[in-house]
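1. Sequence first, predicted model second:
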Amino acid sequence: MQKIRVGGVPEHFNLPWHQATESDAFARQGIDLEWITYRGGTGQMTKALEDGDCDLCVLLTEGVIQAIAKGNQSKIISVYVNTPLCWGVHTGVDNKLQHYEDVYDQRYAISRYGSGSHLMAIVDAEEQGKVIADDQWRVIKNIDGAIESLSAQESDVFYWEKYTTKPYVDAGKLRRLGEYYTPWPCFVIAARNEILKRDPLSVTRLLRTIHEYCDRFMQDDSNILEVSKRYHQKPKDVARWYHSTEWAIHGWVSNKMIQGVVYHLRQAGILPEDQVLPELIWKRDV
């Protein structure tokens, strides 16, 4: 069996991976899949890819593009979730901040520089003609750190996936000011170049398996209750999320979509305008 280490966040989007693993679907394809949970999000996962701590990751589209542009030896091998991500824009319960349009000069809690919580705040501000200064960032590592920072009013604003944070909003630990939709498909699967060269057949079998289980997941709305149970969310909230989310069932990655993300990252000053980018998408030979 070929061991492949796959990283992802502990969120409901990734349930098809766990269902496939629990059904021995990867094992039947000769793959010993080890799932590694990264609570720190995309920034932590791109570092894990760079350091060789995992082989594949399910991570935010804009984050991995930035990482590859900066030299991360990885490629995007598939879209994972086709629909945009709905980011909740949050503040602390006792913070005086009341309106979404007033966030841009506040202190931002981010998991890491280059993470989704960092990048999407910049892209959102750029679309409004705003610039976030370097001294506005507060690194808080993960959602637990964000709640602690916001509660202590050491930071004021935090972008994180809306449905993941909703239990914290319901419990009175966070207050949502608004929502921001990523202007592209939200999650992709990326792999280290090393495994793509060493064992492309196993990677292809893995992709076929997860695409099959994503298709199954979308066809069976009993998964609403499964998500609710596993991730401690209200069935009503899960149903709204489930029926507005589409997973990829094939490995095609649109060059036009990637170009659009690169455009936004350049407009936001995250990628230099004149930088020649390396190859971002895996060109399969199998």
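-> Arrived safely.

2. What strand or helix carries the residue lying farthest from the centre of the chain?
-> Largest separation from the mean C-alpha position in the chain: Lys96, at 29.3 Å (Cα atoms, centre = their mean). Under DSSP states H and E, no helix or strand contains Lys96.

3. quick one: it from His90, how far?
-> 14 Å (Cβ to Cβ, to the nearest Å). (Each C-beta comes from the backbone N, C-alpha and C, glycine too.)

4. Please parse the chain into its domains.
-> Split into domains by automatic domain parsing, the chain comes to 2-83+185-267, 86-181.

5. export those to a markdown table and tack on mean pLDDT and distance to Val276?
-> Output for the domains of the chain, formatted as a markdown table (pLDDT from 0 to 100; distance: least, Cβ to Cβ, whole Å):
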| stretch | mean pLDDT | distance to Val276 |
| --- | --- | --- |
| domain 2-83+185-267 | 96 | 10 |
| domain 86-181 | 94 | 20 |
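
6. wait, which of the ones you listed is closest to Arg284?
-> domain 2-83+185-267 (6.9 Å; Cβ to Cβ).

7. Centroid-nearest residue for the chain?
-> So for the chain, Cα atoms, centre = their mean, it's Leu60, sitting 3.3 Å from the centre.

8. Wait, it touches Gly116, no?
-> Yes. Between Leu60 and Gly116 there is a contact at 4.3 Å, judged by Cβ atoms under 8 Å.

9. any residues in contact with both of these two?
-> Contact with both Leu60 and Gly116 is made by residues 41-42, 85, according to Cβ atoms under 8 Å, 6 or more residues apart in numbering.

10. Of those residues, which count as buried by neighbour count?
-> Buried residues within those, counting neighbours by 16 or more other Cβ atoms under 10 Å: 41-42, 85.

11. Need these in a markdown table (columns: distance to Leu49 and secondary structure).
-> Putting these into a markdown table (distance: Cβ to Cβ, whole Å; DSSP: H, G, I helix; E, B strand; the rest coil) gives the following:
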| residue | distance to Leu49 | secondary structure |
| --- | --- | --- |
| Gly41 | 13 | coil |
| Thr42 | 10 | helix |
| Leu85 | 20 | coil |
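
12. Mind putting those residues into CSV with distance to Pro10?
-> Formatted as CSV, these follow (distance: Cβ to Cβ, whole Å):
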residue, distance to Pro10
Gly41, 10
Thr42, 14
Leu85, 16
